[in-house]
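Novice: Provided below for reference: sequence and predicted model.
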Amino acid sequence: MMISNKVKAAAAALALVSVFGLAGCGDSGKSGASGAAKVDNVKVKVGYSPSLCQAPIFVAYEKGYFKEAGLDPELVKVDGATANESLGSNKVDMEITLVSKTIHPLQNGLPVKGTTGVHFGCVRAITRPDTGIKDVKDLKGKRIGVSGLADTGTVIIQRALKHEGIGVTPDNMEVEFVVVDRNSLPQALSSGQVDAIVMTDPVGYIAQKEYGYVPVLDTATSQGWKDEYCCDLVVTNQFIEKNKDAAKALTEAIQKGSLYIKQHPEEAAKLLIEKKYVNGDEKDYAELLKSYNYTPSVQGGYDAIKAAAKDLSDLGLVNQLDAKEFADNSYQFFDGYKDVTSL
């Protein structure tokens, strides 16, 4: 079975739709339902990449949620490969970033803190229906195509394999990771070069939909993953220290953007495409936005960092750490803040 030009084109567009592997003085006398202090026209440099994971940023900007919170947002486009450098150099004040991909940079001193979980999903492992692979435990002894050994998808599947008791460490490797060019992963699966592939959306979604590939793991829907936030809002330590009320207001604006997507996925998909934040099929993107469950949660964002840190420490992918202590040091809770639950 050959991959059509449609999937090849979508794969080629992945560079434009990458996910991060990889955000003044306030008047605390005024507060919204979240308990966030309202500030007065505080400038914030909002880092983003053209990705569905970044959708709450675009919605918050277009719907005026930043302005409502008293912020003056400047959208700054950053490359996924240099997202951490943009944060570390204070080129931007915030980003929405993949939790599993952020643990190592945080341990190495990336000067940011998480402030809220944003959504679930966006990484999937898929296979051909003739492989007999039904779930993660069936991957033992199989060849898994990945775009890089440190790629977000690789980290996620390593964690999933660990949960099933399958070895993924150098002294106990029970699968074979095959590095394939990102755009060629669907073809590698089709040709039998590998038994399964791990991809970020939308290319994984398109390949699964158009060619009858079947899911092995979908972090938006799979048990054990659908309740762990894949992406958190992170805000630079400098911005938090100088503008704690503004950082709280920023968290509120992103939560509102996330909740709007949950309540209006079709409208959100249309907005993203019409405003040229992403390129793709509006109907497909609406379905993906629905599956990602954009229900923001401060506690959920903390829990995701803690869970990922424990797994990566156990796997030796980061230096040994105490997951709770690590999460405590990597997260900012704001006094009196409550999750946005309505718009």
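Specialist: Nice, I can see it. Note that the structure is predicted; figures quoted are calculated from it, not measured.

Novice: Checking the closest residue to S291 other than its chain neighbours next. Helix, strand or coil?
Specialist: If the residues on either side of it in the chain are set aside, S291 comes closest to A220, at 4.4 Å by Cβ to Cβ, 6 or more residues apart in numbering. Placement of C-beta: from N, CA and C, glycine included. When classified by DSSP: H, G, I helix; E, B strand; the rest coil, A220 comes out as coil.

Novice: neighbours around A220, how many?
Specialist: 21 (other Cβ atoms under 10 Å).

Novice: Pull the contacting residues for it.
Specialist: 120-122, 124, 226, 291-293 (Cβ atoms under 8 Å, 6 or more residues apart in numbering).

Novice: quick one: which two of those residues are the most distant?
Specialist: R124 and N293 (14.6 Å; Cβ to Cβ).

Novice: Those two: which has the busier surroundings?
Specialist: R124 (27 against 17).

Novice: Give me the buried positions along the host helix or strand of the more buried one.
Specialist: R124 belongs to strand 123-127 when assigned by DSSP states H and E. Using 16 or more other Cβ atoms under 10 Å as the test for burial, strand 123-127 gives 123-127.

Novice: Let me see the ranges of the strands in the stretch 201-343 of the chain.
Specialist: Remark: strands assigned in the stretch 201-343 of the chain by DSSP state E, counting those that start in this stretch are 214-218, 231-236.

Novice: Those strands: which one's closest to G114?
Specialist: strand 231-236 (4.3 Å).

Novice: What residues does I144 make contact with?
Specialist: 125, 157, 175-178, 194-198.

Novice: nearest to L321, of the residues you listed?
Specialist: I157 (21.4 Å).

Novice: related to what we said a few turns ago, among the contacts of A220, which one lies nearest to E325?
Specialist: F120 (25.3 Å).

Novice: what kind of secondary structure is the nearest residue to A207 once chain neighbours are set aside in?
Specialist: Distances taken as Cβ to Cβ, 6+ apart place P186 nearest to A207, at 4.4 Å, with adjacent residues excluded. Judged by three-state DSSP, the three-state class of P186 is helix.

Novice: shaky segments in this protein?
Specialist: 1-33, 37 (pLDDT under 70).

Novice: Now with 80, please.
Specialist: 1-37, 80-81, 203 (pLDDT under 80).

Novice: Please enumerate the strands of the stretch 51-200 of the chain.
Specialist: Using DSSP E, counting those that start in this stretch, strands in the stretch 51-200 of the chain cover 71-77, 94-98, 112-119, 123-127, 143-146, 168-169, 172-173, 176-179, 196-200.

Novice: Quick check: phi and psi on P111?
Specialist: Dihedral angles phi and psi of P111 (degrees, to the nearest 10) take the values phi -80, psi 70.

Novice: What about it, how many residues nearby?
Specialist: 17.

Novice: With L52 as the reference, measure out to the closest residue to A36 other than its chain neighbours.
Specialist: Spatial nearest neighbour of A36, chain neighbours left out: E252 (3.9 Å); criterion: Cβ to Cβ, 6+ apart. Per Cβ to Cβ, to the nearest Å, E252 is found 22 Å from L52.

Novice: who's more crowded, the two?
Specialist: E252 (33 against 27).

Novice: these two touch, right, the more buried one and K338?
Specialist: No - with contacts defined as Cβ atoms under 8 Å, E252 does not count as touching K338, sitting 9.7 Å away.

Novice: Could you dump the strands of the stretch 201-343 of the chain into JSON lines and include mean neighbour count and distance to K248?
Specialist: Shown next, in JSON lines, are the strands of the stretch 201-343 of the chain (neighbours: other Cβ atoms under 10 Å; distance: least, Cβ to Cβ, whole Å):
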{"stretch": "strand 214-218", "mean neighbour count": "21", "distance to K248": "33"}
{"stretch": "strand 231-236", "mean neighbour count": "30", "distance to K248": "10"}
